[in-house]
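In: Need coordinates for the following:
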Amino acid sequence: MRRIVPFGFMAILLLFPVPGLEAQDVSGTWTLTYSMMGRQGGQAREVSMDVTFTQEGSAVSGTALMAMGGRRGGGGEPQPIPLSDVELEGDKLTFTVTRGQGERSFSFVFNGTVAGTAMEGTMTRSGGMRGGGQPTPFKGVKKEG
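Out: Model (predicted):
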């Protein structure tokens, strides 16, 4: 009789998942906004980027569209950058956007919480010529999808 009770309890848990444990639906295009310090300690500026997620269950991939500015041109035209290290557990989403190559590459690591069509969390920059940075708050809004 004892073995039936634990098995029955497990069956109930599988049939009726606990709210909040299932993965959020992040598929679609999101606009993420955060502040970035200006060059050489200049005034902070607000930066936005579009991130498009593709999701199958809890498996998520995607791309970010970031303007490629700088002194060497790039024209400011947004360029798609594949996301890496994407993980979705319940309402917690983490992913990395890496720009550049070799010693000049730098990454933005996003750690956020998703609630419906809103997302918020922190972004931390690492690498590049300026090194790492402090976590910066970001907010996201689902545009479409």
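
In: what stretches of the protein score poorly on pLDDT?
Out: 1-22, 38-41, 67-76, 128-132, 145 (pLDDT under 70).

In: What ranges does it have for its strands?
Out: Along the chain, the segments classed as strands by DSSP state E run 28-36, 45-56, 59-67, 78-89, 92-99, 106-115, 118-127, 136-144.

In: which helices and strands sit right next to the fifth one?
Out: To tie it back to what came earlier, the one meant is strand 92-99. On a contact count with 3 or more C-beta pairs under 8 Å, 6 or more residues apart in numbering; DSSP states H and E, strand 92-99 meets strand 45-56, strand 59-67, strand 78-89, strand 106-115. (Glycine included, C-beta is placed from N, CA and C.)

In: and that strand, which strands flank it?
Out: Sheet pairing of strand 92-99 (DSSP bridges) gives strand 78-89 (antiparallel), strand 106-115 (antiparallel).

In: try the second one
Out: Counting by DSSP bridges, the strands paired with strand 45-56 are strand 28-36 (antiparallel), strand 59-67 (antiparallel).

In: Make TSV out of the strands of the chain and add mean neighbour count.
Out: Shown next, in TSV, are the strands of the chain (neighbours: other C-beta atoms under 10 Å):
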stretch	mean neighbour count
strand 28-36	17
strand 45-56	16
strand 59-67	17
strand 78-89	14
strand 92-99	18
strand 106-115	18
strand 118-127	17
strand 136-144	16
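
In: For residue 139, list the residues it contacts.
Out: 32, 33, 34, 118, 119, 120 (C-beta atoms under 8 Å, 6 or more residues apart in numbering).

In: redo that, cut-off 10 Å
Out: Applying C-beta atoms under 10 Å, 6 or more residues apart in numbering to residue 139 gives the contacts 31, 32, 33, 34, 48, 112, 118, 119, 120, 121.

In: ok, now residue 114?
Out: 23-26, 30, 53, 88, 90-93, 120-121, 140, 142.

In: which one of those residues is nearest residue 65?
Out: residue 30 (10.8 Å; C-beta to C-beta).

In: how far away is residue 62 from residue 52?
Out: Look at residue 62 and residue 52: by C-beta to C-beta, to the nearest Å, they are 5 Å apart.
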